[in-house]
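Engineer: After the sequence you'll find the predicted model.
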Amino acid sequence: MATLVNQDINETRQASHGLATAGLAPGLIGLALLGVAAAIGYLAGLWQQFAHAYLLAVMYVTSLGVGGLFFVIGHHLTGGRWGTTVRRLAEVTAGTIWVSALLYIPILVAVLVGSDSLYPWAGLWVEGEFVSNDPILRSKSVYLEPTFFALRTVIYFGLWIWMSRTMLRLSVKQDQSDPMQRAKSMQWWAGPMVLIYALSMNFAAFDWMMSLEPHWFSTMFGVYFFTGSFGGALALTLLIAVAAQSRGALTQSVTTEHLHDLAKLMFAFVVFWGYIAFSQYLLIWYAAIPEETLWYDIRQMGIWPYWGLGLVFGHLLIPFLGFMSRAMRRNRSAMTGWAAWMLVVHWMDLAYLVLPQVRVESNVGITLLLGLLTTAGALGVFAWAWMSSAAGKWLLPVQDPRLPLALSYHNH
Amino acid sequence: MGLASADIPVSYSTPSSLERGKLGYVPEVWNDPPWIEGDNDYRSVTDKVCRIAENPRPPIAWWVGFLIAASIAGMFGALIGYLIVTGVGVWGNQNSVSWGFPIVNFVFWVGIGHAGTLISAILFLFRQHWRTSINRFAEAMTIFAVVCAGTFPGIHVGRVWFAYWLFPYPDTRLNMWSQFRSPLLWDVFAVGTYATVSLLFWYMGMIPDLATLRDRAKHPARRIAYGILSVGWTGSATQWRVYEKAYGLLAALATPLVLSVHTIVSFDFAVSQLPGWHTTIFPPYFVAGAVFSGFGMVLTLMIPAREWFGLKDIVTMRHIDCMCKIIIATGSMVGFAYLTEFFIAWYGGNPYEQFTFINRAFGPTAYAYWIMVTCNVISPQLFWIKAVRRSPLLIFIISIFVNIGMWFERFVIILSLERTFLPGSWQSFVPTWVDLGMLVGSFGLFFTLFLLFCRFLPIVAMAEVKQVMAHVDGLAKRSHS
Amino acid sequence: MTETHDTDEVIQPKRLGLLAQFAGPDELIAAAEKATDEGYRNVEAYSPFPVIGIDEALKAKGTVLPWIVFAMGLTGCLVGLGMQLYMNAYEFAGAIWGLSGYHYMISGKPGPWSIPAFIPVTFELTILLSAFGAFFGMLVLNKLPRLFNALFRSNRFADATTDGFFLFVEATDSKYADTETEAFLSSIGATGVEAIDEPTSGHALPNLIFLVGAAVGTLALLPPLYLYYVWAAPTSTAPRISFFKDMEDQAKYKAQNTSTLFEDGRSARPPIPGTIARGSGKDDIPLYYGVQQESDLSASNAATPARFAAFSGGKTPARFVQQTESDGSPDAGDAAPGDDGEGQPQDAQPADAGAEGEAAEPNWVAEFPEALKINEAFVERGQQRYNIHCAACHGLAGNGDGLVSQRAQKVSGASWTPPTNLHTEAVVTQPVGRIFDTITNGRRKMPGYAEHITPKDRWAIILYMKALQRSQNAAAGDVPAEVRREQPSAS
């Protein structure tokens, strides 16, 4: 058991500075894809479809970033040990939230100029006046007001960027000096941060996706978004770790044990997602109150019921049976496959939240295609942000006081 | 190999050489203090724990406590008899508030039980080693809390001798079956499963320790009793291997189970269309609240118990500190749910929903709401201060607040029934003396069972504590002989 | 519980193996590793807690327990789901002992499509059976309970549950030899080695215990048997003793009882002066019944079938008994079989009310009763009531195309008989009294609305209906000149 600790280091532990340049390629391709999607949307008169597809893409990369942020905060909060070896990867992921913020700016502009291509309530504001007679919408017009909405969006992103920057900054400083003191300071910050995180995540989900259907509401929605996001971020962390290892990095420090633990946590969130999704559905289905069922009603039309069933199987039952077995969770290549699977179904999940809200008669296939294009584009930009942020950094918090414990850690 | 999450025990080999240029080298290693304090070895831990159950003359405090608790439990029994003979009219339940104290007490006690399972199962899966010192204690609490909880729906059916109607059976008179769409029937299955699995889990965890008591027993009667209870456990590697697997699997099963139980309890309310009851966040919010209240109760019981039974080395302030942190976390989650509910009540634009929440906070029963908020959301925040987490007295007081607050949370939910859609049917709820007597009586039953447990069974999971001593604290001490 | 050898002969007890004690868990692992490396196979380690690494050292195989649990969980899942579908979503005609399912069609969630509501119980049963699998599987795989074990005879071994770490080499091992093995165990660091023999003495339970037990058990059966005998064939004429008053004995007055509460000593009170009994006070026959005179009433009332027969007692399931033709209704043409409001018309003939030959038509009033004031307010009242009560089926314009009908047509297609079009000749020419009777008592699938609509409102509806019928045959000239708009020149 103890042999691992005494090994000499053969692995790459520091990302090369060239990573930033290497990241330009996916970044530029990503931007190009976003441009292409926008052009298709504009020229083919599919502007509303494009708007929803774009929101989906932005939500996808945002969810990965905030999921990573929760991994970091949660790790410090629980005094985690095994997570130390992959903590830096999650920190860098969380550090990309500013890109999501930039990508969100066009949506914010659209809301501010009163375009209803995305949020129907935004179009109801004409020169500072709310013009609908719908009593329900009138009652919440104070909240669904473009300037207030923009302010809140800025606050959410501001808080997340501040939190992820703080954690990344402290962690990078820890590589150079005072590791013990920095570890304690990160642990201290994790407390208040988790409170801020919970509130901002909750309301961000309400604002950005729940308000696509302004009549509808569900208290569970924020938790639902969080659950999927954290699951996605775990899958991404696993994939990044495997990818780094295939390039000779972290080959010794991230062992089967750590991947196994990521897999376990991923499994837990597969189940937890199912729990949250089922509870929300059951309560709305059972009570059958029209203002709540309308959201699911939209999702009972066209391809969406099948999509929903796809989620039940793809996001819950298949992965549940798939990596229920311990042997599977310790199988590195199989878990790589499952992580990729989870990222795909996480996208499907967000698509289920966003795309059915397109309010014009249209071909779902085209909307999905636009969704894929924009998501690929946003992921390209995300990849660039990740790589340029990682460039030159240690991929392991090499001086962290808990690192020896993490390295010598064993599941039995 | 193997299915399911029985991945459990884990070890950290303490790195012996941390040279520069080696893989695990760090300038300073994080050293957690050992979980088991003092100069303890395997035998002294065994002695300390077994002494409590072996002592022929329990401390006078035990007798006093037991007599008080048993007489209150006796009163509970008498009240139940009175209820059965007279009918449910002896309660304050009425047309509007048709679910009065009985459901409040039921949900309260089920919630208390949850911390036990959480400590045994979820913390086990997360390899939180601090659970080992308190898990037996907490599991016992679960069982007794579920007993108390199960009493209320049992007597709430009015004619208790028809309680078997709760279960599906072929009925030749009506040709009807139980209605499986009803959350009340889900409750029967959920609470039944929960009680059964908790009992199995608790008992299985005790088998090795019962074997210890058997091997130490002097009196033949004790030897036979513990011998039968420990089913012939020898502690062979084969037995441990299967046992560990089974324990891990039970933990993996109990974790979703504990979530499901309070979720289903929350469905009792949330599947309805009543304002203040029908909200989608109820399931996780109820679970968080249950864990919160359960940890409150564990602290309430643990702080005096470690004092009286001399277990301070085994249940250390570090354990207490961890529990305090869980209290902050779950208390904040509960506060988060209150806030979300309030916001969505406004955002949803439903006037009835809005009225219910305004009424809760500023209506005639606002006192209940603010007791709930103060106890559940504000008082646990004191645990952010390290000095508070170090003071057993303050922790004890706050844990009492948590218990009170969580009882009031359920009471607030029930009080929504006072003022629903139709102002003509508004009615104020006034508990009767039987209601209050039964609430107090259920505590009597709980403490009676608990004190009996402390007297006769191993209250700390010795085998697990020893494993943590050997493999986590790195104190693999030699045995005496 | 112990084996006994009741013999005075000194026999050589069977050697079971050698028990070696070690200082701690690490020493135990090291020793186990050496023993298995040496070639010993039947080696078992004993420790007060699970020692991590001992399984590898003993070269032990894994356990099949997870598969048992998985199989049990799957069983629980299928049993749970199957049970609920069987009990709540299907019925099996002719099943005995109440074993037929019961198809609940409630809250808009019929039959097997209530799967979401069946998930919680399915889940609980999955967990319950899996937990049984884990617990009882553990016992079975460990061959427990087994209260006696030869090792328990060793005083040294009592420490195995406190702080003793032991290695036991069984005599059945092919490499086992008393002295060599003992030497080997000492050489790998044992602090003590002890031979374990099969026990030759012990305690047996005295036979008397069994005798006494059997006698007590037999006697204990007698009281319940006697109680059953008394219960099954009661001879007493006294009322049954019931411990719990199951609403048999209620604090209330029964008919014709006396009471001390009132001066006249009667428990039943006479009606307060001026009380009008339900159903009385309907002296205006045309207004309340739609017929000319009282003598017509018997015919009119007979047209209404008794919709609900009494519950048939005994063991027959309590169901609504269907109306049959043999009831001798004079209006049998209307009260066709299956005409019990359950929406299963036997014949899909077009429904035009009153077209069929009627045996004995009462004298329906043809004019509105005199008690009514026919004015605009009355028509508007009728319109409002019509839109509330009738339009859902008959349509806002009376064409028989209400939303209910449209939906039913979509769902059931041709098997659905649409509601009557109020503009057909048969309806237009019907006497108003007959229409009144239809609203009051219902016709074919249309239920009676007597409980919902007051007699005056029924007349108001008829008045509005007349207005609707009129509107379908209106000419431009019917519109008053002052509200008439200029006709487009083209027409």
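Structural biologist: Good, I have the coordinates.

Engineer: can you tell if stretch C:179-188 touches chain B?
Structural biologist: No: applying Cβ under 8 Å from any Cβ of the partner chain, one finds stretch C:179-188 separated from chain B by no less than 15.9 Å. In this view, the C-beta of every residue, glycine as well, is placed from N, C-alpha and C.

Engineer: How about that stretch, which residues are buried there?
Structural biologist: C:181, C:182, C:184, C:185, C:188 (16 or more other Cβ atoms under 10 Å in any protein chain shown).

Engineer: same deal with stretch A:39-47?
Structural biologist: A:40, A:41, A:46, A:47.

Engineer: what's the average pLDDT for stretch A:201-211?
Structural biologist: Averaging pLDDT along stretch A:201-211 yields 94.

Engineer: And for stretch C:138-146?
Structural biologist: On average, stretch C:138-146 scores 89.

Engineer: repeat for stretch B:97-104
Structural biologist: 90.

Engineer: mind listing what's buried in that stretch?
Structural biologist: Residues of stretch B:97-104 classed as buried: B:97, B:99, B:100, B:101, B:102, B:103, B:104 (neighbour count, 16+ other Cβ under 10 Å).

Engineer: Make JSON lines from those residues and add distance to residue C:228 to it.
Structural biologist: Listed next are the buried residues of stretch B:97-104 as JSON lines, based on distance: Cβ to Cβ, whole Å:
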{"residue": "B:97", "distance to residue C:228": "44"}
{"residue": "B:99", "distance to residue C:228": "40"}
{"residue": "B:100", "distance to residue C:228": "41"}
{"residue": "B:101", "distance to residue C:228": "40"}
{"residue": "B:102", "distance to residue C:228": "36"}
{"residue": "B:103", "distance to residue C:228": "39"}
{"residue": "B:104", "distance to residue C:228": "42"}
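
Engineer: and those residues as TSV, adding distance to chain A and secondary structure?
Structural biologist: Below are the buried residues of stretch B:97-104 laid out as TSV (distance: Cβ to the nearest Cβ, whole Å; DSSP: H, G, I helix; E, B strand; the rest coil):
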residue	distance to chain A	secondary structure
B:97	21	coil
B:99	18	coil
B:100	23	coil
B:101	26	helix
B:102	23	helix
B:103	19	helix
B:104	21	helix
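
Engineer: among the residues you listed, which two are most distant?
Structural biologist: The largest separation in these, counting by Cβ to Cβ, is between B:97 and B:102 at 11.3 Å.

Engineer: Common neighbours of the two, please.
Structural biologist: Residues touching both residue B:97 and residue B:102 (Cβ atoms under 8 Å, 6 or more residues apart in numbering or on different chains): none.

Engineer: Next step: the buried residues of stretch A:39-47 restricted to helices.
Structural biologist: Residues of the buried residues of stretch A:39-47 located in helices (DSSP state H): A:40, A:41, A:47.

Engineer: what about the chain, any weak spots by pLDDT?
Structural biologist: In the absence of a named chain, chain A is used. Within chain A, the segments meeting pLDDT under 70 span A:1-7, A:410-412.

Engineer: Can you look at chain C instead?
Structural biologist: Applying pLDDT under 70 to chain C flags residues C:1-11, C:202-205, C:243-246, C:298-360, C:486-491.

Engineer: With distance to chain C as new columns, can the buried residues of stretch A:39-47 be given to me in CSV?
Structural biologist: Formatted as CSV, the buried residues of stretch A:39-47 follow (distance: Cβ to the nearest Cβ, whole Å):
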residue, distance to chain C
A:40, 38
A:41, 37
A:46, 32
A:47, 35
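
Engineer: can you tell me how far residue A:84 sits from residue A:398?
Structural biologist: Counting by Cβ to Cβ, to the nearest Å, the gap from residue A:84 to residue A:398 is 10 Å.

Engineer: what's the helix or strand for the closest residue to chain C within the stretch 251-400 of chain B?
Structural biologist: Ranked by Cβ to the nearest Cβ, the top residue of the stretch 251-400 of chain B for proximity to chain C is residue B:257, at 4.8 Å. Per DSSP states H and E, residue B:257 falls inside helix B:237-270.

Engineer: most centrally placed residue in the chain?
Structural biologist: In the absence of a named chain, this looks at chain A. residue A:63 (1.7 Å; Cα atoms, centre = their mean).

Engineer: should've been chain C
Structural biologist: When Cα atoms, centre = their mean is applied to chain C, the residue found nearest the centroid is residue C:88 (5.5 Å).

Engineer: which stretch of helix or strand covers the residue nearest to that residue when sequence neighbours are not counted?
Structural biologist: Using Cβ to Cβ, 6 or more residues apart in numbering or on different chains and skipping residues adjacent in sequence, the residue nearest residue C:88 is residue B:180, 4.9 Å away. Under the criterion DSSP H and E, no helix or strand holds residue B:180.

Engineer: which residues does residue B:180 contact?
Structural biologist: With Cβ under 8 Å, 6+ apart, residue B:180 has these contacts: B:168, B:186, C:84, C:87, C:88, C:114, C:117, C:118, C:121.

Engineer: Could you pull up phi and psi at it?
Structural biologist: Backbone torsions of residue B:180, given as degrees, to the nearest 10, read phi -80, psi 0.

Engineer: swap in residue C:16?
Structural biologist: Dihedral pair for residue C:16: phi -100, psi -30, per degrees, to the nearest 10.

Engineer: Apart from its chain neighbours, what residue comes closest to it?
Structural biologist: In space, and not counting its chain neighbours, residue C:16 is closest to residue C:196: 4.8 Å by Cβ to Cβ, 6+ apart.

Engineer: do residue A:49 as well
Structural biologist: residue A:367 is the one closest to residue A:49 (Cβ to Cβ, 6+ apart), at 4.4 Å.

Engineer: Ramachandran angles for the closest residue to chain A within the stretch 151-300 of chain C?
Structural biologist: Per Cβ to the nearest Cβ, residue C:165 is where the stretch 151-300 of chain C lies closest to chain A, at 18.3 Å. Residue C:165 adopts backbone torsions of phi -120, psi 120, taken as degrees, to the nearest 10.

Engineer: returning to that earlier point: how about the buried residues of stretch A:39-47, which pair is most distant?
Structural biologist: A:40 and A:47 (10.1 Å).

Engineer: can you pull the contacts of the residue lying closest to residue C:450 once chain neighbours are set aside?
Structural biologist: Distance criterion Cβ to Cβ, 6+ apart; nearest residue to residue C:450, sequence neighbours excluded, is residue C:440 at 4.8 Å. Residues in contact with residue C:440, defined by Cβ under 8 Å, 6+ apart, are C:289, C:290, C:448, C:449, C:450, C:455, C:458.

Engineer: hmm, back to that, tell me how far the residue nearest to residue C:88 lies from residue B:248.
Structural biologist: Between residue B:180 and residue B:248 the computed distance is 32 Å (Cβ to Cβ).
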